[in-house]
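Engineer: Based on what follows, work out the 3D shape:
(one chain, ligands or ions: 1)
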Amino acid sequence: MTMAITVDQDQTQQQDAAGQGLNANPTKMWEPSNIESKEMTKFRIFVNQKHNLSLANYDDLWKWSVDDVENFWAAVWEYTKVISSTQWTNKVVETTGPMDNFPTWFEGARLNYAENALWCRDAHKTAIISTGELQATPKRLSYAALYEQVLKTAKAMRAAGVVKGDRVAGYIANCVEAVIAMLAAASIGAIWSSTSPDFGTVGVLDRFAQIRPKLLFSVNAVVYNGRPHDHVGKLKTVLEGLDGMVEKVILIPFVESMPCDASAVPKGITWDAFLKSGESDPATELTFEPLPFNHPLYILFSSGTTGKPKCIVHSVGGMLLQHKKEHVLHGNLGPQDTLFQYTTTGWMMWNWLVSGLTLGATIVLFDGSPFKPGPGALWELVESEQVTAFGTSAKYLQALEDAQYKPKEHHGLKKLHSIYSTGSPLKPESFDFVYSQIKQDLLLGSITGGTDICSLFASHCAVLPVYRGEIQCRSLGMKIEAWRGPEDPVVGISGDLVCSRVFPCMPVYFWNDPEHAKYKAAYFDNYPGVWYHGDYVWINPNTGGIIMLGRSDGTLNPNGVRFGSAEIYNIVDTYSEIADSLCVGQSISGGTDERVVLFLKMADHYPELTADLIQRLKVHIRNQLSPRHVPAFILKTDDIPYTINGKKVEIAVKKIISGKKVVPSGTLVNPESLNLYYDIPALRE
Ligand SMILES: CC(=O)CC(=O)O
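Structural biologist: Numbers count the residues shown, from 1 in each chain. Modelled structure (predicted):
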């Protein structure tokens with residue numbers, strides 16, 4: 001299918017290295033069947049009838065969704081059956097003027113996220129399946145049992161003095177109690193914020209000290225790589241740093257084989273004792289605080305690889321509406337689905353997963369290594385629990401391929417209809433792997449968005465084909481464009497990812513940012529009044545698909561030619577001699593020019609970086625991309641820095657090799673690796 005994107009011919013033919021190596025005619029990997037039955041189609045028909053339109057396909061619908069912002073979001077609200085105690089009384093949103101004037105959405109409406117997640121009270125319908133490493137049998141919680149647990153927890157929270165606007169935090173494994181505590185907090189109008197136990201104590205303090213939580217939920221221990229690890233030691237260090245801010249610490253006996261002594265933790269109480277503390281409240285039904293759309297639901301944190309993380313506040317209504325749009329319309333998910341997402345509680349994909357409850361679907365939580373006891377760990381789960389939608393990271397799919405594990409040879413994956421991949425761009429070869437070694441007939445949705453919006457900009461779509469290497473589409477309601485400069489959108493040429501119309505899951509504000517200075521600097525400095533996301537992107541004029549090329553601030557710019565690091569990674573990743581790579585620019589000539597440096601971490605079986613390999617790579621890059629893409633230096637490194645959420649840390653390395661000193665934050669898994677990049681003889685000018 002050819003998308004009706006209007007393209008200026010001159011633009012596509014422009015002599016520009018940007019996007020040269022990108023294929024505007026990619027192979028179609030999958031075609032959806034029976035699209036009439038899909039929610040996206042039904043929604044389009046609903047919109048046509050309601051507004052007397054004749055939108056014929058997804059492309060038409062997307063255009064309408066970003067032109068008629070008010071009617072679009074009102075239609076999503078109605079179609080996905082948002083539960084609210086009061087309807088909105090006025091405009092859906094003010095759409096004129098700059099985007100950074102903090103628009104009020106659905107003025108007058110009152111709603112509660114937890115109420116929307118707990119509408120199903122069925123005792124026979126599983127809400128949560130929870131499992132992980134060394135857990136013999138998954139735990140299951142029905143919707144009725146989930147409601148009961150949230151009720152008890154909310155009563156205990158109220159007894160502990162939690163009120164609307166208080167922060168409730170979790171330094172917590174991906175377990176049922178995390179979801180229960182989050183929903184209980186949300187029912188009260190308190191604000192949930194979580195980090196995962198693998199975060200170092202400095203990283204956690206950098207986050208929680210800023211938001212001063214009243215309650216902290218945590219676990220006694222975690223299991224990773226086949227053995228239990230005590231968590232209480234780290235928890236105590238965090239509590240010392242929080243210096244009395246937290247009024248109660250609720251300790252969950254997550255690993256049964258490990259001690260769970262709440263008396264060893266300052267202000268500690270066990271999960272059971274905490275629940276008991278609310279029993280004097282006779283309520284048998286949850287009280288869902290009726291909240292304005294913009295009321296805070298979550299605080300998430302920017303990765304802050306070089307400074308203190310920013311505390312990004314997301315709204316009740318924004319999260320609910322956006323996630324329902326993504327799951328129901330784009331994913332075609334509903335109560336019949338079992339949604340799995342490999343994530344920790346410290347990644348926004350956890351929040352995304354939990355929103356599966358708002359559909360009445362079953363969600364699957366998993367804690368621990370996805371490769372223990374073996375590479376089939378998650379696929380056994382997919383098979384036994386009949387997972388229908390499986391979310392993971394591009395890195396995991398690569399690791400699975402490297403381990404030469406072929407799920408289709410070991411598992412019946414009959415019910416699986418979708419795989420989602422995120423965290424970093426999904427390279428074209430991974431599409432081949434998924435379709436040949438996992439399952440041929442499924443939607444492989446490469447999806448992208450992030451913490452800043454706790455959702456997606458460009459995503460999967462159940463009514464569109466999947467093309468090799470591409471994200472299927474720009475999401476409904478998200479006016480994503482590639483800009484080469486202010487008001488200069490391009491198609492078929494790479495540019496900065498912007499979103500040029502208001503959308504409801506824009507953060508409502510940053511915590512401790514009363515003048516909104518940090519907020520505006522984060523998204524609105526580059527293009528005043530227009531959301532600049534900091535990614536570098538290419539939109540295919542033929543398919544409407546998207547390719548992410550890396551971070552804009554990591555964009556490579558040698559001799560004035562701009563391109564993204566992902567273009568280089570796509571080539572390097574095809575070499576089995578190379579275990580990993582990092583491609584960054586080094587600023588030279590007093591900052592007036594830049595040269596590209598490619599660092600390679602060698603595979604175990606090929607420990608030395610040989611002249612032959614360098615030569616092969618250079619020729620490959622020259623032929624597949626252009627001579628201007630060939631790095632000035634290709635150097636061996638012993639380690640590549642990563643964030644805990646699996647992202648390569650390009651900017652810090654770029655700064656270091658350009659002569660700056662960088663103080664690593666607690667977000668890096670391997671902060672010591674940054675030392676490898678200081679004062680490299682070959683890079684002295
Ligand atoms: C959806 C995403 O974009 C997730 C991420 O990469 O953080």
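
Engineer: got the phi/psi numbers for the residue of the stretch 501-650 of the chain found nearest the ligand?
Structural biologist: Closest residue of the stretch 501-650 of the chain to the ligand, CB to the nearest ligand atom: residue 645 (6.1 Å). Placement of C-beta: from N, CA and C, glycine included. Here is the backbone geometry of residue 645 (degrees, to the nearest 10): phi -90, psi 20.

Engineer: Report how many residues lie close to the nearest residue to it once chain neighbours are set aside.
Structural biologist: Among residues not flanking residue 645 along the chain, residue 347 sits closest, at 5.0 Å (CB to CB, 6 or more residues apart in numbering). When neighbours are counted by other CB atoms under 10 Å, residue 347 registers 26.

Engineer: From residue 424, how far out is residue 347?
Structural biologist: Using CB to CB, to the nearest Å, we find residue 347 at a distance of 13 Å from residue 424.

Engineer: Tell me how far the residue of the stretch 101-250 of the chain found nearest the ligand lies from residue 394.
Structural biologist: Going by CB to the nearest ligand atom, the ligand is nearest to residue 196 of the stretch 101-250 of the chain, at 13.7 Å. Distance, residue 196 to residue 394, by CB to CB: 19 Å.

Engineer: what about those two, which has more around it?
Structural biologist: residue 196 (22 against 17).

Engineer: List phi and psi for that one.
Structural biologist: phi -90, psi 160.

Engineer: Would you mind identifying the next helix or strand past the helix or strand harbouring residue 350?
Structural biologist: Per DSSP states H and E: residue 350 is located in helix 348-354. As assigned by DSSP H and E, the chain's next helix or strand after helix 348-354 is strand 362-367.

Engineer: Quick one, grab the pLDDT at the residue of the stretch 501-650 of the chain closest to the ligand.
Structural biologist: Predicted confidence (pLDDT) for residue 645: 77.

Engineer: ok, now which ones touch it?
Structural biologist: 303, 344, 346, 347, 423 (CB atoms under 8 Å, 6 or more residues apart in numbering).

Engineer: Of those, which ones also sit close to the ligand?
Structural biologist: residue 423 (CB under 6 Å from any ligand atom).

Engineer: Out of the contacts of residue 645, the closest to residue 67 would be?
Structural biologist: Nearest to residue 67, judged by CB to CB, of the contacts of residue 645 is residue 423 at 31.6 Å.

Engineer: elements contacting whichever strand or helix holds residue 419?
Structural biologist: For residue 419, the host element (DSSP H and E) is strand 418-422. For strand 418-422, the packing partners by 3 or more CB pairs under 8 Å, 6 or more residues apart in numbering; DSSP states H and E come out as strand 389-393, helix 394-402, strand 443-446.

Engineer: Quick one: mean pLDDT for that strand?
Structural biologist: 97.

Engineer: Repeat that for stretch 608-620.
Structural biologist: For stretch 608-620, the mean per-residue pLDDT is 96.

Engineer: got a list of contacts for it?
Structural biologist: By CB under 8 Å, 6+ apart, stretch 608-620 touches 571-572, 575, 577-578, 598, 600, 602, 606, 630-631, 634-636.

Engineer: OK, contacts around residue 496?
Structural biologist: Applying CB under 8 Å, 6+ apart, the residues near residue 496 are 482, 483, 484, 526, 527, 532, 533, 534, 535, 536, 537, 552.

Engineer: of the residues you listed, list those near the ligand.
Structural biologist: Okay, of the contacts of residue 496, nothing touches the ligand (CB under 6 Å from any ligand atom).

Engineer: Can I get those in CSV including neighbour count?
Structural biologist: CSV is the format used below for these (neighbours: other CB atoms under 10 Å):
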residue, neighbour count
482, 25
483, 19
484, 16
526, 18
527, 18
532, 19
533, 22
534, 18
535, 27
536, 27
537, 28
552, 18
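
Engineer: Alpha carbons of the helix holding residue 350, in CSV - could you do that?
Structural biologist: Extracted in CSV, the C-alpha atoms of helix 348-354 (Å, rounded to 0.1, in the frame of the first residue of the first chain):
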residue,chain,number,x,y,z
MET,A,348,8.1,3.5,31.5
MET,A,349,7.2,0.2,29.8
TRP,A,350,6.1,-0.9,33.3
ASN,A,351,3.5,1.8,33.4
TRP,A,352,2.5,1.0,29.8
LEU,A,353,2.1,-2.7,30.7
VAL,A,354,0.0,-1.9,33.8
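
Engineer: Packing partners of it?
Structural biologist: Against helix 348-354 (3+ CB pairs under 8 Å, 6+ apart) you get helix 176-188, strand 296-301, helix 316-324, strand 338-341, strand 362-367, strand 389-393.

Engineer: Which of these sits closest to residue 351?
Structural biologist: strand 296-301 (6.0 Å).

Engineer: tell me the angle of the closest one relative to helix 316-324?
Structural biologist: With axes from the mean of the first three to the mean of the last three CA atoms, to 10 degrees applied, the angle from strand 296-301 to helix 316-324 works out at 70 degrees.

Engineer: dump the residue contacts of residue 28.
Structural biologist: 465, 466, 467, 468.

Engineer: How many residues are close by the last one?
Structural biologist: A count of nearby residues for residue 468, using other CB under 10 Å, gives 20.
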